[in-house]
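**Q** here you go, sequence then predicted model.
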Amino acid sequence: NRGLVGRLLGPADLGYFQLAGRLSRAPVDPPGALPVVRVADSGLSQAEKWASQPDQGWRVLQRYLEASGPPGDDSRAAILVWPEGAIPVVNFWTLENPAFLDALGRGLGDRALILGLSRREIRSDGIAIFNSATIIDGVSGAPRVSQQIYDKHRLVPGGEYIPLWSLISNLNIAPLQRIGAGFESGARPTRLIVPDAPPAVVLICYEAIFPGFVPRGEERPGWIASLTNDAWFGHGTSPWQHYAMARYRSIEEGLPMARAASGGISAIVDSYGREVESTQGRALYAEAQLPPALVETPLAPWGNILLPLLLVLVAGLRFFPVSAVRRNQQP
C-alpha cells in the first residue's frame, strides 16, 4: 500500500525509493579526461581547531597539507577542496598574510585549491565579515590567488547573523552580543572558473540542502563544490543527514559533487547522486576522478514551478477523477 509506505517511511525515504529505479539503470561513468579531485579534512574537533595558540593557523594548515598529500608526481589530484572556514581566524586573516599564502603555495605545488575561509572587507563605515570561498592556483609552488570570491548567500539565522539585530542589540543579551551583527550576505552563487577543470559552483554549508541555487542555462557549471563544517554536529546522525540531503542536488541538477566537510562526510558524488569515494567518517581525505555532468534534468529549465504544477494535477485527479469523466462520456 503506497499510502501506508509513505506514512511509515516519511517523504524523504519515499523519495529515495521513487528514485531507485532511475539510479539502478544509471550507467557506470567510463574514465575520461576530467581531473582527479581530492577532498580533505583536518580531523580536528571544533575545540581543537579554535584552540587559542599563537601558531594555531599554522598548525591547522599543516594538518590540511598532510591530508592533501605532497605536491608533484606523487599526487594524482589536480584539484584540492578544503571545507568551509578551513583555517581558523585566531591569529590572522588567511588572504591578508603573505607568509601564510607562500607556505600554502609550496604545499600546493601545481595543484589548484578551492578553499573555504572567513574574510573581511574594510569599509568607510566599518568592517564587513564574510563566510567565503575562493580558488588558489599553485604555479610551481607559488600561490596565485583568484579574484573570484564567492561570499555565502544564504546565511544561518541565529548562527551567522541575528535577524532584526538593530533592535535586539539594545537588549544586551550576552550570547547574542557575542555573535553580534555577524556575517554579511553575498550575491547568489555563480560559476567559478577552475584551472584545468570545468567551471564549478560553490555551495557553502547548508546552502547545499536547498534546491535552485545552481545557475542554469548558459551559466550552468560542470560540477558542484560543497564546502561545509559539520564538526559542531558532534558524533550523532546529523552529519550523515546533511550529506544525504546534499547528494540530492547532484540528482536534481545532473551534476557531480565534490564535498569537503570538517567533521562530517567528505565525498566525491556522481551526477546520479551515487557515492564514488568518501571518507565515511574515518579517513581524512577522499580522492577520485571527477565524474562527467549529464544533460540538464527537467528541473533545470523549469525550476521549482514543477512542484506546484504537479500539486495542481494531483488535486485535479482527486476532485475530477478520470473514471468519472469516462462515465459521463458513455452513451
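**A** Nice, I can see it.
**Q** quick check, Asn103 in a strand?
**A** For the record, residue 103 is Ala, not Asn. No. Ala103 is assigned helix when assessed by DSSP: H, G, I helix; E, B strand; the rest coil, not a strand.
**Q** count of residues packed around the residue nearest to it when sequence neighbours are not counted?
**A** Closest residue to Ala103 apart from its sequence neighbours, by CB to CB, 6 or more residues apart in numbering: Leu61 at 6.7 Å. Any C-beta I mention is one placed from the backbone N, CA and C, and that applies to glycine too. A total of 20 residues lie near Leu61 under the criterion other CB atoms under 10 Å.
**Q** confidence score at Leu61?
**A** Per-residue pLDDT puts Leu61 at 95.
**Q** which helix or which strand is home to it?
**A** helix 56-68 (DSSP states H and E).
**Q** what of Leu311?
**A** Using DSSP H and E, Leu311 maps to helix 306-319.
**Q** tell me the average confidence for the helix or strand harbouring Ala300?
**A** Assessed by DSSP H and E, Ala300 sits inside helix 299-302. Mean per-residue pLDDT for helix 299-302: 74.
**Q** helices and strands around it, which ones?
**A** helix 238-253 (3 or more CB pairs under 8 Å, 6 or more residues apart in numbering; DSSP states H and E).
**Q** report the buried residues of the helix it packs on.
**A** If you call a residue buried by 16 or more other CB atoms under 10 Å, then helix 238-253 has these buried ones: Pro239, His242, Tyr243, Ala246, Arg247, Tyr248, Arg249, Ser250, Ile251, Glu252, Glu253.
**Q** can you pull out the helices in this protein?
**A** Using DSSP state H, the helices found in the chain span residues 2-9, 11-24, 46-49, 56-68, 98-108, 165-168, 174-179, 238-253, 299-302, 306-319, 322-329.
**Q** chain center to the third one, what's the gap?
**A** From the chain centre to the centre of helix 46-49 is a distance of 21 Å (CA atoms, centre = their mean, to the nearest Å).
**Q** what do you get for the fifth one?
**A** Its chain's average C-alpha position is 24 Å from that of helix 98-108, according to CA atoms, centre = their mean.
**Q** tally of neighbours for the closest residue to Pro54 other than its chain neighbours?
**A** Using CB to CB, 6+ apart and skipping residues adjacent in sequence, the residue nearest Pro54 is Asn91, 6.6 Å away. Per other CB under 10 Å, the neighbour tally for Asn91 reads 15.
**Q** contacting residues for Asn91?
**A** By CB atoms under 8 Å, 6 or more residues apart in numbering, Asn91 lies in contact with Pro54, Asp55, Gln56, Gly57.
**Q** the third one - nearest residue in space that isn't next to it in sequence?
**A** Spatial nearest neighbour of Gln56, chain neighbours left out: Val90 (4.4 Å); criterion: CB to CB, 6+ apart.
**Q** one more: the second one?
**A** Distances taken as CB to CB, 6+ apart place Asn91 nearest to Asp55, at 7.3 Å, with adjacent residues excluded.
**Q** state the distance from that neighbour to Leu34.
**A** According to CB to CB, to the nearest Å, Asn91 stands 37 Å off from Leu34.
**Q** strands of the stretch 101-250 of the chain, start to end?
**A** Remark: strands assigned in the stretch 101-250 of the chain by DSSP state E, counting those that start in this stretch are 112-123, 126-139, 142-151, 191-192, 200-204, 223-229.
**Q** picking that back up, wait, the residue nearest to Gln56 touches Gln53, no?
**A** Yes. Applying CB atoms under 8 Å, one finds Val90 in contact with Gln53, separated by 7.4 Å.
**Q** neighbour-wise, which of the two wins?
**A** Using other CB under 10 Å as the criterion, Val90 and Gln53 rank with Val90 on top: 16 against 11.
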